[in-house]
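1. sequence first, predicted model second:
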Amino acid sequence: MKPTLGLTGLTVNAMALIAPGAFLWLTYEEQCLYGAPAAGCAMWFGFFVSLLLCYATAISYAELSKLYPGAGSSYYYAEQAFMAKTKAFKFARVVKFFTGWASHLYYWAYPGLMVGVTALLIGYLAGILWPNTFSSTYNSPLLMYIVCIVFAIGVSYIAYLGVVGSTMVNIAINVIQITALVVFSVIAIAYRTNHKQGSVGYHLSNGVAVNYQVAQTNVLDDKGNPVPVLDANNKPTNNPDGTPAYQQQDAQDSNGNPVPGDANGKATTLDKAAPFTIDYTGAWGTDSNNNPQFNFHPTLKSVLAPHKFSFVLVQACIAILCLVGFESVTSMGEEAKNPKKDLPWAILLSLTIQGAICYLFEYFATNYLLNNGYNMTSAGASSAPIGDLMLITGTWLFGSASAGKAFMLVQAFTVFLALIGTTLACLNTGARVTYAMGRDEEVGAHFGLLHGKNLTPHKAIWTLCILSIFIGIITVTTYLGGSSPAALDKHNIWYSFGIFSPGFYPNAWNSLLIVTLISNFGTFLLYMTTCVVAMVAFREHHMFHGIKHVVIPLFGLLANLGCMLFYLIGPHYVAGMSPHEPNCALAVAALWGIGGFIYFAMKSKAKGKTMILTSKPATP
């Protein structure tokens, strides 16, 4: 590999993987839905805690990059750190392989997750752009599967061309996405500031932002019969006057526009429609099981407050997905001009710019914006809640629903660019870790080959491309799991398969969350191992510093372990946390680990190598 990257190039490659433009759009729905009905109240503070965890790990990476500036990231660090020790050297090969294997659980699942999220974005936009063909509630499975294939191949081709081209793409994407999200955040704060209690505001009706009440009509099943409101025992209920109670939804005319309604939900003309007014008094309520339900923040202070420790952990465990990626640049040590100097700075700068500045500001603005016109429950039931909020704020700022739609589409395009950047960065990182293991013949030696012209690990890139397609398709299969969508209103070739009945989704496992947790478990394992490696690396070194090389890595180790364990313990203590998705992700991680051990043992036997070294090689 050729050293071509300076501090700027290294930093922007790491920033691209953190990508606030992509992940605010990506994770907001999950953060609202998982741990509902109440854990969403601690979203901002949970993100702050996750940022502290990442800083502890980032410092470990930065310190290790000063000692071992080579390709392979933690995989390379593990070997070098243990081989340099007088006693721990015997475990060098085991720790090295374990680190590389855990890296693959993260770096191989993550690009597929990004491919799936891109498909969700395109599916959402299709419902906005072509409402007569695509549903605003259900993304077309066929469309999303096509996007998974095309997007994975396109991004992989950019990675195949080389790191210089990837860096130029990431520089442009970082500038665009940061600018776009800051603009939206400022508008969101302005909307909240200008809409006091009782003022006329906007809400969404069938994807259209309006500032008047909308007439209500019965929800119909696939046979045209009204759907009853059920009690806790799934029995039909009655209204106070004894008439059957039916589920209601916003009415729309033949063109798909909201029908104006009076204060009682009866259809009327636009000039007589009741205005929609903002109300911050219903910040908390109860769900159907009488659990406390969080709707929106009544004050600025509420946005920043932790509220409850278990809620903070729920949010921190999901927020880790947003912040990971700062370490990705360590896989480019052989492509850096001055790796010992620039790599540590690139790691910390990328996390500070994207995490401490961009993300904290964006999450504050978005949570502050919520109100009775669009609350936490609304966000959890949408495939793109940030897009919904952009429709509302854009309509308010620019004076019409069409202008609000245009504003959202421009912002969505920047999110699409950000998804290109983050998928590209992860592909580059994952392929280089695979390349390093292939070069050491810990995986197939063909992965350790570089393309003759582009000097890229092309075999690893295209393998990861194919894997990303399949993981992306899995990600979008039941992304509505755990929510209660309305009945499907479109019946055409785009919805000819892959759609389940509305009654299936509330109890279905959320595939988006499962793949997210699989990637997160890989992240936690990798970060924990790296913190251990950092402590070992400096234990007998003249640069040893107690705070940087013991206290901080130990905190990172325990924090990552605590987050991983909370996924398994939390469902027993926090209402709205399902055990199914974490248990499924844990099972995948366990199978990956068992498979890795078997592969490592068989590979060692075939090569005549010992897993535990008995003597220290002459040249570490």
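-> Yep, it's here.
2. Asn560 belongs to a strand, doesn't it?
-> No: membership of Asn560 in a strand is not supported by DSSP: H, G, I helix; E, B strand; the rest coil, which gives helix.
3. ok, it - how many residues close by?
-> Counted with other Cβ atoms under 10 Å, residues neighbouring Asn560 total 25. Using the backbone N, CA and C atoms, a C-beta is placed for each residue, glycine as well.
4. all strands of the stretch 151-300 of the chain, in order?
-> With strands called from DSSP state E, counting those that start in this stretch, the stretch 151-300 of the chain shows them at 203-205, 208-210, 216-218, 248-250, 284-286, 292-294.
5. pick the most buried one from the ones you listed.
-> Across the strands of the stretch 151-300 of the chain, averaging neighbours per residue (mean count of other Cβ atoms under 10 Å) puts strand 208-210 on top, at a mean of 24.
6. which strands and helices sit next to it?
-> For strand 208-210, the packing partners by 3 or more Cβ pairs under 8 Å, 6 or more residues apart in numbering; DSSP states H and E come out as strand 203-205, helix 385-398, helix 401-439.
7. which other helices and strands contact the helix or strand harbouring Leu143?
-> Remark: Leu143 resides in helix 141-161, with elements defined by DSSP states H and E. Secondary structure elements in contact with helix 141-161, counted by 3+ Cβ pairs under 8 Å, 6+ apart, are helix 92-129, helix 163-194, helix 401-439, helix 458-477.
8. now do it against helix 92-129, angle only.
-> For helix 141-161 against helix 92-129, the angle by axes from the mean of the first three to the mean of the last three Cα atoms, to 10 degrees is 130 degrees.
9. next, the angle helix 401-439 makes with helix 141-161.
-> For helix 141-161 and helix 401-439, the angle between their directions (the same axes, to 10 degrees) works out to 50 degrees.
10. now helix 141-161 - C-alpha only, PDB.
-> Output for helix 141-161, consisting of C-alpha atoms alone and laid out as PDB, is shown next (Å, rounded to 0.1, in the frame of the first residue of the first chain):
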ATOM      1  CA  PRO A 141     -40.000  -5.000  -0.100                       C
ATOM      2  CA  LEU A 142     -39.200  -5.400  -3.800                       C
ATOM      3  CA  LEU A 143     -37.800  -1.800  -4.100                       C
ATOM      4  CA  MET A 144     -35.700  -2.200  -1.000                       C
ATOM      5  CA  TYR A 145     -34.200  -5.500  -2.200                       C
ATOM      6  CA  ILE A 146     -33.200  -3.900  -5.500                       C
ATOM      7  CA  VAL A 147     -31.700  -1.000  -3.600                       C
ATOM      8  CA  CYS A 148     -29.700  -3.400  -1.400                       C
ATOM      9  CA  ILE A 149     -28.100  -5.000  -4.500                       C
ATOM     10  CA  VAL A 150     -27.400  -1.800  -6.500                       C
ATOM     11  CA  PHE A 151     -26.100   0.300  -3.500                       C
ATOM     12  CA  ALA A 152     -23.800  -2.500  -2.200                       C
ATOM     13  CA  ILE A 153     -22.200  -3.000  -5.700                       C
ATOM     14  CA  GLY A 154     -21.900   0.800  -6.300                       C
ATOM     15  CA  VAL A 155     -20.100   1.600  -3.000                       C
ATOM     16  CA  SER A 156     -17.900  -1.500  -3.300                       C
ATOM     17  CA  TYR A 157     -16.800  -0.300  -6.700                       C
ATOM     18  CA  ILE A 158     -15.700   3.000  -5.200                       C
ATOM     19  CA  ALA A 159     -13.700   1.100  -2.500                       C
ATOM     20  CA  TYR A 160     -12.200  -1.100  -5.200                       C
ATOM     21  CA  LEU A 161     -10.800   1.900  -7.100                       C
END
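11. and that helix, average pLDDT?
-> Averaging pLDDT along helix 141-161 yields 93.
12. tell me which residues of it are tucked away?
-> By neighbour count, with 16 or more other Cβ atoms under 10 Å as the criterion, the buried positions of helix 141-161 are 141-145, 147-149, 151-152, 155-156, 158-161.
13. worst mean pLDDT among the helices and strands packed on strand 208-210?
-> Note on those: helix 401-439 shows the lowest mean pLDDT, a mean of 84.
14. settle this for me: Tyr246 is touching Val227, isn't it.
-> Yes: using Cβ atoms under 8 Å, Tyr246 is in contact with Val227, at 6.3 Å.
15. so what sits against both of these two?
-> In the contact map built from Cβ atoms under 8 Å, 6 or more residues apart in numbering, the residues linked to both Tyr246 and Val227 are 218-219.
16. re earlier: any chance of the helices and strands packed on helix 141-161 in TSV, plus mean neighbour count?
-> As requested, the helices and strands packed on helix 141-161 are exported to TSV (neighbours: other Cβ atoms under 10 Å):
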stretch	mean neighbour count
helix 92-129	25
helix 163-194	19
helix 401-439	24
helix 458-477	22
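17. what's the closest of the buried residues of helix 141-161 to Thr478?
-> Ranking the buried residues of helix 141-161 by separation from Thr478, with Cβ to Cβ as the measure, puts Pro141 on top at 10.2 Å.
18. got the contact list for the closest one?
-> Residues near Pro141 by Cβ under 8 Å, 6+ apart: 476-477, 495, 497-499.
19. next: Ala379.
-> Each residue near Ala379 by Cβ under 8 Å, 6+ apart is listed here: 28-29, 32, 40, 370, 385, 388-389.
20. the residues you listed: which two are farthest apart?
-> When Cβ to Cβ is used, the two most widely separated members of these are Gly40 and Asp388, lying 15.2 Å apart.
21. the two: who's more crowded?
-> More neighbours surround Gly40 than the other of Gly40 and Asp388, with 31 against 23 (other Cβ under 10 Å).
22. state the number of residues packed around the residue lying closest to the more buried one once chain neighbours are set aside.
-> Leaving aside its sequence neighbours, Gly40 sits nearest to Met376 (Cβ to Cβ, 6 or more residues apart in numbering; 4.5 Å). Other residues near Met376 come to 26 when the count uses other Cβ under 10 Å.
23. please report how far Met376 lies from Ala38.
-> Distance, Met376 to Ala38, using Cβ to Cβ, to the nearest Å: 9 Å.
24. quickly list what's touching both of these two.
-> Between them, Met376 and Ala38 have Phe294 as joint contacts when contacts are counted by Cβ under 8 Å, 6+ apart.
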